[in-house]
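**Q** Starting from these lines, generate the structure:
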Amino acid sequence: MANANSSRRLTPEQQRLAEDALRFVQPTIAVFVRRNPDLRASIRRTDMTQVAQMAVCMAAFTYDPARSKPTTYFSSAIRHALYRAVLTQQRQDGRYIPTEVIVDPPTTRSQTRAEMRAMRALRSLSAYDRRLLEDRLIEQVTLEQLSCEQGCDPRTVGKRVKQAIEKLRAAESDLA
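**A** Predicted coordinates:
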């Protein structure tokens with residue numbers, strides 16, 4: 001019987017890919033810190049480089065060059081890992097910031113009515129549904145990577161995405 005850890009080893013090709021993708025770590029961390037100034041206190045205590053390097057290794061398992069560019073795929077994997085690490089750190093510190101604050105920035109007066117209605121519809125969704133839609137539709141994370149992160153089948157993730165889209169459409173039509 002094979003050891004459980006032996007099945008999770010990177011192949012030589014995946015190792016080369018992960019080593020090449022390590023160049024995305026520092027620029028992605030810099031962008032993450034710049035875009036999230038409110039989270040700096042939590043970020044300092046989190047070992048961002050180590051979190052990002054682990055994210056690169058995990059993303060190397062599921063990367064498909066036919067579906068996306070390495071920059072997009074690995075940068076989004078790093079960004080999502082950093083968000084998860086910050087939330088975990090805040091929960092442990094007892095200073096949890098809800099995902100709504102991170103995912104949904106406050107509205108400004110320059111937004112149009114349609115944008116405000118869309119934001120209200122998004123806020124009516126659960127934090128999980130919003131994060132799932134952001135990952136899949138905006139960040140264009142593959143179903144395979146999402147299924148690896150969630151520990152389920154890609155078809156299940158696809159169904160969850162479709163359900164979240166239907167909830168968003170229903171919430172938007174209720175606001176119209």
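**Q** From now on I want contacts and neighbour counts done on CA atoms only, so please keep to that.
**A** Fine.
**Q** Pull out the buried residues from the biggest helix by length in the chain.
**A** When the chain is scanned for its longest helix (criterion: DSSP state H), the result is helix 70-93. Residues 70, 73-83, 85-87, 89-90 are the ones in helix 70-93 that count as buried (16 or more other Cα atoms under 10 Å).
**Q** before we move on, what about stretch 17-29?
**A** So for stretch 17-29, counting by 16+ other Cα under 10 Å, buried means L17, A18, A21, L22, F24, V25, T28, I29.
**Q** Stretch 151-161 now?
**A** P154, V157, G158, R160, V161.
**Q** List the ones among those residues that fall in strands.
**A** Assignment to strands by DSSP state E places none of the buried residues of stretch 151-161 there.
**Q** quick one: which of these is nearest to L175?
**A** Closest to L175 out of those is V161 (21.2 Å), distances taken as Cα to Cα.
**Q** Contacts only, for that closest one.
**A** D129, L132, L133, R136 (Cα atoms under 8 Å, 6 or more residues apart in numbering).
**Q** again, only using 6 Å
**A** V161 makes contact with no residue, according to Cα atoms under 6 Å, 6 or more residues apart in numbering.
**Q** about what we covered before: would you list the buried residues of stretch 151-161 in a markdown table and tack on pLDDT and distance to L122?
**A** Shown next, in a markdown table, are those (pLDDT from 0 to 100; distance: Cα to Cα, whole Å):
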| residue | pLDDT | distance to L122 |
| --- | --- | --- |
| P154 | 84 | 24 |
| V157 | 86 | 19 |
| G158 | 88 | 19 |
| R160 | 89 | 16 |
| V161 | 89 | 14 |
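**Q** Out of the residues you listed, which is nearest to Q145?
**A** Out of the buried residues of stretch 151-161, the member with the shortest distance to Q145 (by Cα to Cα) is P154, at 8.3 Å.
**Q** ok, that closest one touching L143?
**A** Yes - with contact defined as Cα atoms under 6 Å, P154 counts as touching L143 (5.3 Å).
**Q** A114 versus the residue nearest the centre of the chain, what's the distance?
**A** When Cα atoms, centre = their mean is applied to the chain, the residue found nearest the centroid is H80 (3.2 Å). Between H80 and A114 the computed distance is 28 Å (Cα to Cα, to the nearest Å).
**Q** and what of D47?
**A** For D47 relative to A114 (Cα to Cα), the value is 40 Å.
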